[in-house]
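Undergrad: After the sequence you'll find the predicted model.
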Amino acid sequence: SQTIHQWPATLVQPVGSPLSLECTVEGTSNPNLYWYRQAAGRGLQLLFYSVGIGQISSEVPQNLSASRPQDRQFILSSKKLLLSDSGFYLCAWSAENYGYTFGSGTRLTVV
Amino acid sequence: AQTVTQSQPEMSVQEAETVTLSCTYDTSENNYYLFWYKQPPSRQMILVIRQEAYKQQNATENRFSVNFQKAAKSFSLKISDSQLGDTAMYFCAFYSNYQLIWGAGTKLIIKP
């Protein structure tokens, strides 16, 4: 069966520090991968999506970047965090049009 | 541009009652998919039910069913015999071209 792993679950980072959130998928090949951010009490905002290794599409201009070094690995990064980067980040994968499966999320607090 | 609208920010019902969450969307496409996701306090996002636009039959999953009205671009979720564990945020979503467009969510509270 397919599983998705996302870590860490919580993270507190100072302003100006780097960020690396990792997401890996098991049990499937060539998945579509996504990074979302969710502000408190609100819906999800798509940040990046990838349909293959090295292929990244960005939905909104921001301080973040994404990379897909392997088929089932998706990384969200920042060189210098801003206070406004705080939020809840969700990784997801989908195959064809069945639906999205989400990771358990990372709560990032920038202080 | 595609949009998804959930007009009910919050709802509450007694346990065992039936509740319907509304969702409308706007698109010019003919082939797409619609989903309802549940996000409990743990914040894990869980797929509740999906509907293919080309199917006229409404999708059902145990106590969850949808009323899909393609011409009206409406996709409501009905929860029968509601349970305390149904308390969560519910998000309606529209899928097309690798992207999922989300509604703002409805907070559903099931009271004992």
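TA: In hand now; what should we look at? Numbering: from 1, shown residues only, chains lettered A, B, ... in the order given.
Undergrad: Just give the number of residues close to B:S80.
TA: Neighbour count of B:S80, defined by other CB atoms under 10 Å in any protein chain shown: 14. Heads up, the C-betas are built off the backbone N, CA and C, glycines and all.
Undergrad: what about residue 81, which SS state?
TA: All of this refers to chain A. coil (DSSP: H, G, I helix; E, B strand; the rest coil).
Undergrad: Oops, wrong one, chain B.
TA: coil.
Undergrad: Distance check, it against B:L47.
TA: Computed as CB to CB, to the nearest Å, the B:D81 to B:L47 distance reads 20 Å.
Undergrad: who's more crowded, these two?
TA: B:L47 (16 against 11).
Undergrad: would you say the more buried one is within a helix?
TA: No: looking at B:L47 with three-state DSSP, it is strand, so not inside a helix.
Undergrad: Go ahead and flag the most central residue of chain B.
TA: The geometric centre of chain B, computed from its C-alpha atoms, lies nearest to B:W36 (CA atoms, centre = their mean), at 3.5 Å.
Undergrad: After the helix or strand bottoming out on mean pLDDT in chain A, which helix or strand is next?
TA: Ranking every helix and strand in chain A by mean pLDDT, DSSP states H and E puts strand A:100-102 at the bottom, with a mean of 86. The helix or strand immediately downstream of strand A:100-102 is strand A:106-110, counting by DSSP states H and E.
Undergrad: For that next one, which strands pair with it and how are they oriented?
TA: strand A:10-13 (parallel), strand A:87-94 (antiparallel) (DSSP bridges).
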